[in-house]
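Engineer: sequence? don't have it. structure:
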Ligand code: SF4
Ligand code: SF4
Ligand code: SF4
Ligand code: SF4
Ligand code: FES
């Protein structure tokens, strides 16, 4: 049988030992599915996932020419990957195989009769089948690496990264600002003070880099542009000699950026002469040599508000102290530290410190020491006596920041920067296979404060990661993940909303800095969260092989089959769905009127999917994501909050109860809590009763559906979505009431416009104002207002019949 | 096509199937603990034992890893098999006295108490390693493994510190046969947080 979509779908029901078979009437279910025109083939297997079952699947696919396959068994989270792997050789790619959790969402979790469970399973299977039928599978996208790897940014990790690439036989271009390595070492203390003991090792690395035939060194000006995507980038630099900008074609980029050390303020007595910071102390030693007299290092990071850097500062102080004592025996060195921290020395170093006569003096951290001329007064943590510590040079810890230079490069690279933070990217917590290019391309203390050793290690790590994918690409085996977002350049107007709300960093203008240029997505960076696609005002951005159209098909099929008191739900794989899975595994029983569909992130749900559920007959829609602030894909969860808010407002405009849709949070490890959530919502919706399918209500629901797909509404909604750099939950971000009023205004306007347009388009005849208003049961004034606008925009034509204005939709 | 018998019933299998898979394909139940359909079998718990008989000679093997062969004579519920299972369940009762799942399974075999010494009455984990195999083979995260040695052996992230390798997918919790992973889950997934400084304390 063909289902009209030209695809052939096979459905396999698992008995799973005794875990599904006697609890669900599989025979009846199989018969029902056999009569469904959307299903080409159906069979029941003892265990679909074991070797015998898998060979059954492959045979059935080959014998019946199936190109989509659904296993009604258990958790897709755990077994889908196995099915995908096993069916690849049978010609089914990721996206063409799906699972319904018959065992843990149906068989195990209620006391329904086997027949009723079969009926519930049937509806869930129908929904999944509709989703598969709406799939347009893409071909696998091979990613090629063209050209060498470029190491840029001027950070010191440049050298370790280049060294690692060279050792792995990968060609690289080293973009540096100066050819003089001695200069680099001379200035290194500005970023990494107190690291002299490391310089010899660093020189070795530099020598190796210099001698490597795999490394080409170029002297460049500022990085001004980076376009392209993994495998093929164009990096543009200004010419240091004033010539035209130069463009380099490279396959990958590793950015090595060093953070900047700033001096402390006058509240610590900093004067740049006698009270100085680490970098100034180093500079002084380079130019004037080691000072004589009493040198006091105060590890003042706690008092400066950054206790987390006390470790780094005290290591740097220790290293400088050691240098001072071994080069100038007449200098007395004391390291003065907050008693809340421990001395960061190994046993060997402690001995060396004693031998060199370096004193470590703790102070009571609850009392801030005060700087005075020649003394620091402090409270002794043991005796609680107020003491005075004499000094001739007082050396304070530095303040750490990303630095202006690094920031400029980061901006060109499209790395988001949050004021007061470093460049370390928020990591999406997703499975490694979901990200094409997992390794970060960033190394150095601008990523997060670290010492020289760690910075060089980061460089090596980044290089190793890049080398690995470069090698895979060279073997012709590098493919982009399949469920990533793509932009339809013909629909994209380049508004840039998607890039703003995406924190994968995968969305960039096709070229140049932006403006009205279409965007494209680097499939190797996209993690497939999909909230960007759900936000695009023009539906230009879609998640391939897992589209909004598929999700709409699923809700539509399910909503059509639901009884009046049954409720539709979406659960995300990290929260709601996983909690439901675990409830089933534990055999917990709960209200069976909840029908859950699977999404990988709740943020994937376009408002049009939510609207479609109501349009097709659902009386309630529950969206269960992760606990607040635990979304695994940037802020998909918060974005859903805003979208649900949109739906609530529109339901109210329709005259329906706002409580018919709700967002909820579930911790996968608390299935009992999930059940409370599910049952509370089901009984809430059951108490409201169904939305009657009267012509008036259907007209409004069609208007609601059109409104959520309206570009202006989606724009205003998009503007309100939480950005990755925003620290607070949406409700906190803006003047709640003012925004809400404006938003409501836009919605009421567009809602009426949508309904007017729907009416005119369905009837194909001219209408008078009074007729329109009567049909929509609205006052004439707002209807007239939207008619006037739409005439002005050329969407509607106006003609006069018997002196009365009539309106007709322009084709 | 390989022909042999399970509980005197004639069964058919293909090369490469295991005895457990063949039994399940024919609707014959064999209890398992450390086995999960999504990962490679590891043979850790030995609960899935069956008896192979040839004349008056017989041996006990673990069915989840034992490959099928022509003419085998398999018994899944013989007295000898029951004895071995009871013995295993008794050991498990001592190893993880707090697991409701294990208690229920033991009760099915008429095992209500254990003669072995109980080290930790709170323990639920049988160290079957299913969680870490799922994490490695299905999730690809390699976030957990057995750490420590001997009686201190336990399941967790390295150094028992929440690990940023863990993506908090909960697959380990879902597959754990004893409910043990549920209570140690928070020690693995931790709270997502940004790295501040190398070696910061
Ligand atoms: S796929 Fe899941 S439900 Fe089906 S037999 Fe395997 S474990 Fe059981
Ligand atoms: S949101 Fe849509 S229209 Fe705007 S830039 Fe992104 S893809 Fe283009
Ligand atoms: S936590 Fe569970 S799955 Fe992991 S070893 Fe222990 S019993 Fe096995
Ligand atoms: S939750 Fe963490 S430890 Fe458990 S399977 Fe997932 S990644 Fe592994
Ligand atoms: S199930 Fe076979 S050894 Fe554990």
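Structural biologist: Perfect, thanks for sending it. For clarity, every value in this text was computed on a predicted model and none was experimentally measured. Ligands and ions are numbered 1, 2, ... in the order given.

Engineer: hang on, residue A:675 in a helix?
Structural biologist: Yes: counting by DSSP: H, G, I helix; E, B strand; the rest coil, residue A:675 is found in a helix.

Engineer: skipping its backbone neighbours, what lies nearest it in space?
Structural biologist: residue A:590 (4.4 Å; CB to CB, 6 or more residues apart in numbering or on different chains). C-beta coordinates here come from the backbone N, C-alpha and C atoms, glycine included.

Engineer: residue A:81 now?
Structural biologist: Per CB to CB, 6+ apart, closest to residue A:81 is residue B:138, 5.8 Å.

Engineer: quick revisit: now do the contacts for the residue nearest to residue A:675.
Structural biologist: A:109-110, A:583, A:675, A:678-679 (CB atoms under 8 Å, 6 or more residues apart in numbering or on different chains).

Engineer: centre of the chain to the lengthiest helix in chain A, how far?
Structural biologist: Looking across chain A with DSSP state H, the single longest helix is helix A:736-763. Between the centre of helix A:736-763 and the centre of its chain there are 31 Å (CA atoms, centre = their mean, to the nearest Å).

Engineer: so what does it touch, helix or strand wise?
Structural biologist: Counting contacts by 3 or more CB pairs under 8 Å, 6 or more residues apart in numbering or on different chains; DSSP states H and E, helix A:736-763 packs against helix A:636-654, helix A:695-708, helix A:711-720, helix A:769-776, helix A:780-792, strand A:796-801, strand A:804-809.

Engineer: beyond the lowest-mean-pLDDT helix or strand in chain A, next helix or strand please.
Structural biologist: The weakest-scoring helix or strand in chain A, judged by mean pLDDT, DSSP states H and E, is strand A:507-509 (a mean of 78). Sequence order places strand A:519-521 as the next helix or strand after strand A:507-509, per DSSP states H and E.

Engineer: buried sites along the helix or strand just after that next one?
Structural biologist: Moving toward the C-terminus from strand A:519-521, the next helix or strand (DSSP H and E) is helix A:531-535. The neighbour-count check on helix A:531-535 (16 or more other CB atoms under 10 Å in any protein chain shown) flags A:531-535 as buried.

Engineer: and for stretch A:299-309?
Structural biologist: In terms of neighbour count (16+ other CB under 10 Å), stretch A:299-309 has its buried residues at A:299-304, A:306-309.

Engineer: what about those, which are in strands?
Structural biologist: Of those, the ones assigned to strands by DSSP state E are residue A:299.

Engineer: closest one of the buried residues of stretch A:299-309 to chain B?
Structural biologist: Distances from chain B to the buried residues of stretch A:299-309, taken as CB to the nearest CB, are shortest for residue A:308 (4.1 Å).

Engineer: relative to residue A:213, how far out is residue A:144?
Structural biologist: Using CB to CB, to the nearest Å, we find residue A:144 at a distance of 24 Å from residue A:213.

Engineer: comparing these two, which residue is more hemmed in?
Structural biologist: Taking neighbours as other CB atoms under 10 Å in any protein chain shown, residue A:144 and residue A:213 compare with residue A:144 leading, 12 against 7.
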